[in-house]
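Visitor: below is the sequence, then the predicted model.
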Amino acid sequence: MRVLISDFYNHVNCMNSAVQLYSKFGDIDLHAPKGCDGYHDINTLTSYSLIFYFDLIIKAIRYEKVVILTGPEHLKGLRGLIYAISFYIFAYIHKRKLILNIRTVDSYVRRKGIYKLLKAASNNMGLLTFESDACKKEYCTQNKCKNALVTYIYYPSVERVTFLPGCETTIGLLGMVNSKKRDYKIVYDALNYILYNKGIKFTVYAIGAYREKDCIFESLKEVCNLVYVEHFLSENEMLEMVKNCGFFISPNKAEMRYGYSKGTGAFGDAIKYNRKLIVPSFTDPIKEFSSFSSYYNNVNELVSSILSNYKKQDDNSVFEKYELAEIQKRLSGLIVKG
C-alpha cells in the first residue's frame, strides 16, 4: 500500500510522528512545504498556493490512502473560499481513501457560510482521527461519525527520555512564546509565591521559540532562572532541554477554546517525553489525561500543582496506553475497512 501524508500548515513534528504511525501500513510519501528527514517530499512549490488541494487531487490518484494531518481550518476572504471549494472537490473525488485528522472541531461542524463546505467534506472521509476523546465526542455529537478514532499526535519515545540531576527544580514551559495564547502572568504569580514563601527558585526552560519580544514572558526572569532560544528548536535541541525538566507546564488561555473545540499539543509532548504535565482544567474537560496531568483553575491551585510535582519523577507505566503499537492495532481494522 502507498500512503501519502499531507499537512496544509507544515507541522513537521506532527508529520514525523504520523510517518511512525502509518509506516506499518505501507510506503510513505509527504506532501508539504518542507519534507521530513529520510522521506521524499513530492511537492515544494504549490504547498501554500491557492492550488494546494487541486494539486493534491492529482497526486492522490497514485495512492491507496491519503492522510490529511491538517486541513484548511481557518478560512478568510476569497482565499478561504478557494481553499474550501478545492478541499470539498478533493474530498468528493477521493472519498473513502482519505483519512482526515481534525484539529479544530469548530471548523468542521459550522453550518454557516463557507465552513459548510468543510463540514460536507468531512462527511466524505473514509476515516476521521482526533487527538483527544473530548474533540472526538464534540464532533460526533454535531456531525456524521461513522469511522472515527483517537490517534493522539505523539507517542512515547522508544528509549525513555532520562532525567538529568537537578531536574526536580526545572520546569519545561511548553509552546512557542506567545502571550495571546498563553497566560504567563499566572505562572509568574505562582513562581513568585513559591520563591518568597517556600524559598524555592525554579529554572524554567521555554520549550518553544521566542520569536517576538514579549514583556509578560520576560518578567519571569524576576522569579526564576529563565532559559530560552530565539529560533525554532530542532528535535535534538528539544530533547536536550527536556532531559533537564522534571515536569511541564502549559498555561493555555481559555479564549483559545482548547478542550472540546480543539486539542493542545501539550498532552502530546508529555506523552512523547514521558513527563508529568500541569495545565488549566478546561484543556481536558473529561480528564482523559489525568494519569499524568494536574489541573488548575487559579493561581493557588497552580502553586499546589507545582509543589506536588516538585521532586517527584514520572511513573513510565502511565504512558503505556499511548504506545505506538497500541494505536496501530486500533487503526489497522479501520484502515482496512475504509
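Guide: Happy to help now that I have it.
Visitor: show me what whichever strand or helix holds Leu331 is packed against.
Guide: Using DSSP states H and E, the secondary-structure element containing Leu331 is helix 324-337. Based on contacts counted as 3 or more CB pairs under 8 Å, 6 or more residues apart in numbering; DSSP states H and E, the elements that helix 324-337 packs against are helix 12-22, strand 148-150. The C-beta positions use only the backbone N, C-alpha and C, and glycine is treated the same way.
Visitor: any idea how far the closest residue to Gln20 other than its chain neighbours lies from Val66?
Guide: Residue nearest to Gln20 in three dimensions, not counting chain neighbours: Leu324, with 6.0 Å by CB to CB, 6 or more residues apart in numbering. When CB to CB, to the nearest Å is applied, the distance between Leu324 and Val66 equals 21 Å.
Visitor: neighbour count winner among the two?
Guide: Val66 (25 against 18; other CB atoms under 10 Å).
Visitor: how about the secondary structure of the more buried one?
Guide: Assigned with DSSP: H, G, I helix; E, B strand; the rest coil, Val66 falls in the strand class.
Visitor: isn't it up against Leu4?
Guide: Yes. At 4.7 Å, Val66 and Leu4 qualify as touching, with contact defined as CB atoms under 8 Å.
Visitor: joint contacts of the two?
Guide: Contact with both Val66 and Leu4 is made by residues Ala60, according to CB atoms under 8 Å, 6 or more residues apart in numbering.
Visitor: coming back round to it: can you add mean pLDDT, mean neighbour count and distance to Arg257 and give the helices and strands packed on helix 324-337 back as JSON lines?
Guide: As requested, those are arranged in JSON lines below (pLDDT from 0 to 100; neighbours: other CB atoms under 10 Å; distance: least, CB to CB, whole Å):
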{"stretch": "helix 12-22", "mean pLDDT": "90", "mean neighbour count": "20", "distance to Arg257": "19"}
{"stretch": "strand 148-150", "mean pLDDT": "95", "mean neighbour count": "17", "distance to Arg257": "19"}
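Visitor: what about Ile99, which SS state?
Guide: Look at Ile99: counting by three-state DSSP, its state is strand.
Visitor: which stretches of the stretch 101-250 of the chain form helices?
Guide: Defined through DSSP state H, counting those that start in this stretch, the helices belonging to the stretch 101-250 of the chain, from first to last, are 106-109, 115-123, 133-140, 184-198, 215-218, 235-243.
Visitor: quick one on the thing from earlier: now tabulate the helices and strands packed on helix 324-337 in CSV and tack on distance to Leu191.
Guide: Conversion of the helices and strands packed on helix 324-337 to CSV gives the following (distance: least, CB to CB, whole Å):
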stretch, distance to Leu191
helix 12-22, 28
strand 148-150, 34
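Visitor: and Asn309, which of those is closest to it?
Guide: Shortest separation from Asn309 across the helices and strands packed on helix 324-337 is recorded for helix 12-22, at 24.5 Å, computed as CB to CB.
Visitor: starting from that closest one, tell me the next helix or strand along the chain.
Guide: Following the chain from helix 12-22 toward its C-terminal end, the next helix or strand by DSSP H and E is strand 27-31.
Visitor: for that next one, buried residues please.
Guide: Within strand 27-31, the residues that qualify as buried are 28-31, counting by 16 or more other CB atoms under 10 Å.
Visitor: from these, which is closest to Ser332?
Guide: In terms of CB to CB, no member of the buried residues of strand 27-31 lies closer to Ser332 than Ile28, at 16.0 Å.
Visitor: state the distance from the closest one to Gln20.
Guide: Counting by CB to CB, the gap from Ile28 to Gln20 is 10 Å.
Visitor: ok, Thr141 next?
Guide: In terms of CB to CB, Thr141 sits 30 Å off from Gln20.
Visitor: now swap in Gly172 and tell me
Guide: 22 Å.
Visitor: same question, Ala266
Guide: Here the criterion is CB to CB. By it, Ala266 lies 20 Å from Gln20.
Visitor: picking up where we left off before, turn the helices of the stretch 101-250 of the chain into TSV, columns for mean neighbour count, distance to Ile99 and mean pLDDT.
Guide: Putting the helices of the stretch 101-250 of the chain into TSV (neighbours: other CB atoms under 10 Å; distance: least, CB to CB, whole Å; pLDDT from 0 to 100) gives the following:
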stretch	mean neighbour count	distance to Ile99	mean pLDDT
helix 106-109	20	14	93
helix 115-123	20	11	94
helix 133-140	20	14	95
helix 184-198	18	36	97
helix 215-218	14	37	92
helix 235-243	15	24	87
